[in-house]
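1. attaching a predicted model along with its sequence, questions to come.
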Amino acid sequence: MDYFFIVVLQLAVTIANLALVSIGLAIVFGMMRVINFAHGEFLMLGGYAAIISNRAGINLWIAIFLIAPIVVGAVGILLERLVIRHLYGRMIDTMLATWGISLALIGLVTVVFGNTVSGISPPLGSLTVGRYAIGNYELLLVAVAAALFAAGWLVLRHTSLGLIARGTMQDREMSAALGIDPSRVYAATFAVGAAVSGLTGALIAPIVGVVPTIGAMYIAKAFITVISGGVAILAGTLGSSVLLGGVNTLISFVFTPVLGEVALLAAAVVLLRLLPQGITGRFFRKAL
Amino acid sequence: MMRSALGYAIVTLSAIYALFYVPQHADLTTMINGSVYASYGVLALSLALIWGFAGILSFGQAAFFGIGGYAYAIAALNFDNTTLAAAVAIAAAAFSAALLGYFMFWGRISDVYLGVITLTVSLILSRFFNQTAGDQWTIGNAPLGGFNGIPSTPIITLPGDPSNPLPPEQIYVLAIATLVICYLLCRLLLATRFGAIVVAIRENETRAELLGYDSRYYKLGVFTVAGAMAGAAGVLFANCVFVSPNMFNLQTNGQLIIWIIIGGVGTLVGPVVGCFLTLMLSNYLGTVNHSGILAWLDPNLVMGVLLTMFVLIMRKGLLPLVISGFDRMASAIGRRPAKSMTANTAVDLSQ
């Protein structure tokens, strides 16, 4: 019984982790059809922002929920103005240019902070279930992920900002004709995507620590989750997180965690053979 | 016409220089470096073929590079026959490319999705081989060795002479010869009817299909050839360095993309030149003293900025730029006397 309980909790944690590392990428991809290869580095920057400001004496929660999104959001705005803006509509070129940005950010952070692992221990202690234990902080991540998705749904569904965003997503020309400047929507989207990536990067930093090359750890998972999800930002990311996170947890418990990761990626490749447009390309088409 | 003749002359001369002059005169380090460069050059060529001429943007071409390397190492440790091992390795890489290609082309996956899937496959392999440390991960006599790879890979021998592994000088000659042969193979392939159809599919897939060509078979064919070529590059790499999970990782794949972008998509020589130039640059960056202002010369930082700059400003890459520069120069020289043979130009010409 205890074992079953802990497996369920672990499953929720894995799914939430996957959803958190992917959501920033999903926002940018869903809205702009831009694959941001520097996404992993945005997560990494978020982690550094939180850890460095915490070391400077700022409360950990403020560092995670306020400073990290602001810093990475600012980086996002800068990069959008300098690079991405010139490449709209050229999907492959954006991907290549952001790959360059990704490498440059790794290099930059290595120069500034050195190629060493920095970390803080996760707060909040742990929850004991019989002979097993799971960190309370990890459970908090599940709640934050749920809150983030709920907030995203509310904004997209019930605000005029969300309406503009959905309109531009559906038909860029038409919304431009109605007086909405798509380039401003794109700039704002990229900034929001970057800020959310910064937040989620900061959230997972206490669990795994940060090192300049940590982005590579997430990038494949995040890509594959977003692409398997398809066009709908929230439903797609959630759906593929549940599916791929489930496969990952199952294989991790039966074999080893590394094989779990391998199985996750392999499952996604098979999934895309069956559903080339992703999950929301066939199911839940009306979802957000 | 004159332009391509000049191009072929330059390629032939560099091949002759690398094959005959360098082994006589250069030192061992240069030749060992040269072998590594040439093996990467073959890898660059394989991506240049499918990206530039078939429009298949594989972000994970290094997967077949690694598969070739590992297959060679495993087969060579088990068979005591390195020629057979090399053949097995190339076949293994080609087979994996065909398998992955079947998944992608029959699923009608294209563009960025294809890039992400290939990259994912490469990273899966990297993860997988990274955790193969320990005794349970051995195939026959070959320990997979996890993060450390297989340093004990037997060096290739000449067919029929299994007791004499080739010295580094001859590995160098083998590597350069492979590079030249692969280049010629690409040229030949593109000159055939098959190659023409592949290029037609790149130009307009729908039109090619309407003309009755099943694009899936042609894409699969060229993807498999490129996979085999990447496998051959892996065999060379196994012989001049050693196989390790790094052959598949994000860094290798990223470098590969940079070589092609810098050299020029849609050319064959460009990516090889881009590969050599980039490797020389990163070698140099590895040797400079990283203190003070020079600390900013971090290889990742420099490569990343280079890649972004090339995409933004010089999307065509170096080789097309050089060629168009040459064209402009040629037409300027050609035009001048034709304009009018005044005394001034006559004086110019005589100088």
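-> Everything's here; your move.
2. list the contacts for residue B:261?
-> Residues near residue B:261 by Cβ atoms under 8 Å, 6 or more residues apart in numbering or on different chains: A:96, B:274, B:307, B:310-311, B:317. In short, each C-beta sits where N, CA and C put it, glycine included.
3. can you give me the pLDDT of it?
-> For residue B:261, the pLDDT comes out at 89.
4. can you dump the C-alpha coordinates of the helix or strand it falls within into CSV?
-> Here residue B:261, judged by DSSP states H and E, is contained in helix B:250-263. Taking Å, rounded to 0.1, in the frame of the first residue of the first chain, the C-alpha atoms of helix B:250-263 are listed here in CSV:
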residue,chain,number,x,y,z
LEU,B,250,24.4,17.6,-28.4
GLN,B,251,27.8,19.2,-28.8
THR,B,252,28.8,17.0,-31.7
ASN,B,253,25.5,17.6,-33.4
GLY,B,254,25.7,21.3,-32.9
GLN,B,255,29.2,21.5,-34.3
LEU,B,256,28.1,19.6,-37.3
ILE,B,257,25.4,22.1,-38.0
ILE,B,258,27.9,25.0,-37.5
TRP,B,259,30.2,23.4,-40.1
ILE,B,260,27.5,23.2,-42.7
ILE,B,261,26.2,26.7,-42.1
ILE,B,262,29.6,28.3,-42.1
GLY,B,263,30.7,26.4,-45.2
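5. what is the neighbour count of residue B:313?
-> The local packing of residue B:313 (other Cβ atoms under 10 Å in any protein chain shown) involves 8 other residues.
6. so for it, what's the pLDDT?
-> For residue B:313, the model assigns a pLDDT of 83.
7. about what we covered before: name the helices or strands packed onto the helix or strand just after the helix holding residue B:261?
-> On the C-terminal side of helix B:250-263, the nearest following helix or strand under DSSP H and E is helix B:269-287. If you count contacts as 3 or more Cβ pairs under 8 Å, 6 or more residues apart in numbering or on different chains; DSSP states H and E, helix B:269-287 packs onto helix B:28-47, helix B:168-191, helix B:250-263, helix B:299-312, helix B:318-339.
8. how far off centre is stretch B:31-49?
-> Centre-to-centre, stretch B:31-49 and its host chain are 5 Å apart (Cα atoms, centre = their mean, to the nearest Å).
9. element containing the spatially closest residue to residue A:213 that is not a sequence neighbour, please.
-> Of all residues not flanking residue A:213 in the chain, residue A:106 sits nearest, at 5.9 Å (Cβ to Cβ, 6 or more residues apart in numbering or on different chains). If you go by DSSP H and E, residue A:106 is part of helix A:91-113.
10. where does pLDDT dip in the chain?
-> Picking chain A for this. Counting by pLDDT under 70, chain A shows low-confidence ranges at A:282, A:284-288.
11. the chain in question should be chain B.
-> Low-confidence segments of chain B (pLDDT under 70): B:1-3, B:110, B:289-293, B:295, B:335-351.
12. contacting residues around the spatially most central residue of it?
-> What sits nearest the mean C-alpha location of chain B, by Cα atoms, centre = their mean, is residue B:44, with 1.5 Å. By Cβ under 8 Å, 6+ apart, the contact list for residue B:44 reads B:256, B:259-260, B:263, B:271-272, B:274-275.
13. what does residue A:278 give?
-> Residues in contact with residue A:278 (Cβ under 8 Å, 6+ apart) are A:227-231, A:236, A:240, A:272.
14. so what does it look like in phi/psi?
-> When read as degrees, to the nearest 10, the backbone of residue A:278 gives phi 80, psi 180.
15. quick check: chain neighbours aside, which residue is closest to it?
-> residue A:230 (2.5 Å).
16. thought that neighbour was touching residue A:276?
-> No - using Cβ atoms under 8 Å as the test, residue A:230 is too far from residue A:276 to be in contact (9.5 Å).
17. between those two, which one's more packed in?
-> Taking neighbours as other Cβ under 10 Å, residue A:230 and residue A:276 compare with residue A:230 leading, 27 against 17.
18. how far off centre is stretch B:201-208?
-> Offset of stretch B:201-208 from its chain centre (Cα atoms, centre = their mean): 25 Å.
19. does any bit of that stretch sit next to chain A?
-> No - remark: stretch B:201-208 sits outside contact range of chain A, by Cβ under 8 Å from any Cβ of the partner chain, the gap being at least 13.2 Å.
20. contacting residues around that stretch?
-> With contact meaning Cβ under 8 Å, 6+ apart, stretch B:201-208 is reached by B:53-55, B:197, B:200, B:213, B:215, B:218-219.
21. tell me the buried residues in the strand or helix carrying residue A:48?
-> Using DSSP H and E, residue A:48 sits in helix A:39-55. By neighbour count with 16 or more other Cβ atoms under 10 Å in any protein chain shown, helix A:39-55 contains the buried residues A:39-54.
22. try stretch B:316-330
-> B:316-320, B:323.
23. need those residues in TSV with distance to residue B:247, can you?
-> Shown next, in TSV, are the buried residues of stretch B:316-330 (distance: Cβ to Cβ, whole Å):
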residue	distance to residue B:247
B:316	29
B:317	25
B:318	26
B:319	26
B:320	30
B:323	32
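24. for these, which one is nearest residue A:214?
-> Nearest to residue A:214 among these: residue B:317, at 31.1 Å, using Cβ to Cβ.
25. looks like that closest one contacts residue B:263 (just checking).
-> Yes - with contacts counted by Cβ under 8 Å, residue B:317 reaches residue B:263, the gap being 5.3 Å.
26. just say helix, strand or coil for residue A:127.
-> Assigned with DSSP: H, G, I helix; E, B strand; the rest coil, residue A:127 falls in the strand class.
27. tell me, how many residues neighbour it?
-> A count of neighbours around residue A:127, defined by other Cβ under 10 Å, yields 14.
28. residue contacts, the residue lying closest to residue B:267 once chain neighbours are set aside?
-> Distance criterion Cβ to Cβ, 6+ apart; nearest residue to residue B:267, sequence neighbours excluded, is residue B:319 at 4.9 Å. Listed by Cβ under 8 Å, 6+ apart, the contact partners of residue B:319 are B:263-264, B:267, B:269-270, B:273-274.
29. repeat the analysis, applying 10 Å as the threshold.
-> B:7, B:262-274 (Cβ atoms under 10 Å, 6 or more residues apart in numbering or on different chains).
30. report the buried residues of stretch A:122-131.
-> Residues of stretch A:122-131 classed as buried under the neighbour-count rule (16+ other Cβ under 10 Å) are residue A:122.
31. contacts for it next, please.
-> Under Cβ under 10 Å, 6+ apart, the answer for stretch A:122-131 is A:1-6, A:9, A:60-61, A:132-141, A:204-208.
32. how close does residue A:101 sit to residue B:277?
-> Distance from residue A:101 to residue B:277, counting by Cβ to Cβ, to the nearest Å: 21 Å.
33. do the same with residue A:245
-> Remark: distance between residue A:245 and residue B:277 (Cβ to Cβ) = 43 Å.
34. neighbour count for these two, which is higher?
-> Neighbour count, other Cβ under 10 Å: between residue A:245 and residue B:277, residue A:245 has more, with 24 against 14.
35. quick one: which helix or strand includes the residue nearest to the more buried one when sequence neighbours are not counted?
-> Closest residue to residue A:245 apart from its sequence neighbours, by Cβ to Cβ, 6+ apart: residue A:15 at 3.6 Å. Assigned by DSSP H and E, residue A:15 belongs to helix A:2-32.
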